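Trainee: can't give you the sequence, but here's the structure:
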């Protein structure tokens, strides 16, 4: 099994077409097909299923592509480390983060890293916890910042606790329910949800589970935090946010103070713990390890809020 064969297989899997993969790799279709055939012969299995609509991975192909993606990522990391040692660092750093983890120390850590490593291609992706873990497993992400109130997840990764953040319920100023103190009295109101309704780890699902209540039935769902904030400030939707959203100096509402009011709840709201999640500290690139130092540094100010 050769590296160029794995790269060809990854390209075919990405494009779903021999023709498009050959164009993307700048090699001829016969050469590409020959490399796949040699790999199949060596493994003794069929990796691709061919039809008039293109090609798709067999179960064998899917298994190999999953591992090959990690291999390619680690080779890229090795080259980046060599370039960093030579002083020519132009590395990549791909970070997945949940909505709750998107405020707090993350923007400061990213800004600090950009100052130190201006040539690094720094990319952040807001995703659900399971998507982040899948990205780490397949090598598409280098790090994850995952918020949860149920403790660390799978032992396949390292889960390093960074800080804890309280959650708050909020409404627009003048909302008829703005003085409500009990959660049960809000269940028939209109709610804003930022996570899939079937996500048991979402803040709203965790809150309802804590108090043994059913999920609200009148729900507007938004996959965008920015759109969610606009809806929360301009409609009668009840919304749930981390305390960072309301921080006057750091939160996203700092330019529009007074646009949301925190409800004075007597019922307990769950705190969410934010973890730095990675596969192995030993496999981190230099830039990745330096980002971890930055996020740990900036997280200190949030640990005793």
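Mentor: That came through fine. Since the model is a prediction, treat every value here as computed from it, not as a measurement.
Trainee: the stretch 1-150 of the chain: strands as residue ranges?
Mentor: Per DSSP state E, counting those that start in this stretch, the stretch 1-150 of the chain carries strands over the ranges 48-51, 54-57, 92-97, 121-126, 143-148.
Trainee: might you report the residue contacts of residue 216?
Mentor: 186-189, 191, 204, 208 (Cβ atoms under 8 Å, 6 or more residues apart in numbering). C-beta: built from backbone N, CA, C; applies to glycine.
Trainee: sorry, back to before: pick the most buried one from the strands of the stretch 1-150 of the chain.
Mentor: Highest mean neighbour count among the strands of the stretch 1-150 of the chain (mean count of other Cβ atoms under 10 Å): strand 143-148, with a mean of 24.
Trainee: before we move on, the earlier item: just put the strands of the stretch 1-150 of the chain in a markdown table and tack on mean pLDDT and distance to residue 67.
Mentor: Shown next, in a markdown table, are the strands of the stretch 1-150 of the chain (pLDDT from 0 to 100; distance: least, Cβ to Cβ, whole Å):
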| stretch | mean pLDDT | distance to residue 67 |
| --- | --- | --- |
| strand 48-51 | 84 | 16 |
| strand 54-57 | 84 | 13 |
| strand 92-97 | 93 | 19 |
| strand 121-126 | 92 | 22 |
| strand 143-148 | 94 | 20 |
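Trainee: which residues belonging to the worst-scoring helix or strand of the chain on mean pLDDT are considered buried?
Mentor: Here the helix or strand of the chain ranked lowest by mean pLDDT, DSSP states H and E is helix 59-86, holding a mean of 79. Using 16 or more other Cβ atoms under 10 Å as the test for burial, helix 59-86 gives 61, 64-65, 68-71, 73, 77, 80-81, 83-84.
Trainee: and the residues you listed as TSV, adding distance to residue 45?
Mentor: Putting the buried residues of helix 59-86 into TSV (distance: Cβ to Cβ, whole Å) gives the following:
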residue	distance to residue 45
61	8
64	9
65	13
68	14
69	18
70	20
71	18
73	24
77	29
80	33
81	34
83	36
84	38
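Trainee: tell me the contacts of the most centrally placed residue in the chain?
Mentor: Taking Cα atoms, centre = their mean, the centroid of the chain lies closest to residue 96, which sits 3.0 Å from it. Neighbour list for residue 96: 124-127, 131-132, 135-136, 141, 143-145 [criterion: Cβ under 8 Å, 6+ apart].
Trainee: same check, this time on residue 9
Mentor: 36, 39, 47, 61, 64-65, 68.
Trainee: just these now: which is nearest residue 238?
Mentor: The closest of the contacts of residue 9 to residue 238 turns out to be residue 65 (Cβ to Cβ; 43.6 Å).
Trainee: I'd say that closest one and residue 10 touch.
Mentor: Yes - when contacts are counted by Cβ atoms under 8 Å, residue 65 is listed as touching residue 10 (6.2 Å).
Trainee: one step back: quick one: neighbours of the closest residue to the residue nearest to the centre of the chain other than its chain neighbours, just the number.
Mentor: Sequence neighbours aside, residue 132 is the residue nearest to residue 96 in space, at 3.8 Å (criterion: Cβ to Cβ, 6 or more residues apart in numbering). By the criterion of other Cβ atoms under 10 Å, residue 132 has 26 neighbours.
Trainee: tell me the contacts of residue 132?
Mentor: 96-98, 141, 144, 146, 277.
Trainee: now do it against residue 163, distance only.
Mentor: 17 Å (Cβ to Cβ, to the nearest Å).
Trainee: ok, residue 183 next?
Mentor: 25 Å.
Trainee: out of those two, which sits in the busier spot?
Mentor: residue 163 (22 against 19).
Trainee: tell me which element the more buried one is part of?
Mentor: Residue 163 belongs to strand 158-171 when elements are defined using DSSP states H and E.
Trainee: the contacts of residue 96: which two are farthest apart?
Mentor: 126 and 136 (15.2 Å).
Trainee: helices of the chain, residue ranges please.
Mentor: Ranges of helices in the chain, per DSSP state H, are 3-15, 18-25, 29-43, 59-86, 106-116, 129-138, 203-210, 225-234, 286-299.
Trainee: show me which of the contacts of residue 9 is closest to residue 176.
Mentor: Among the contacts of residue 9, and counting by Cβ to Cβ, the member closest to residue 176 is residue 65, at 54.0 Å.
Trainee: state the distance from the residue nearest to that closest one when sequence neighbours are not counted to residue 192.
Mentor: Excluding the flanking residues, the one nearest residue 65 by Cβ to Cβ, 6+ apart is residue 13, at 4.8 Å. For residue 13, the distance to residue 192 (Cβ to Cβ) stands at 38 Å.
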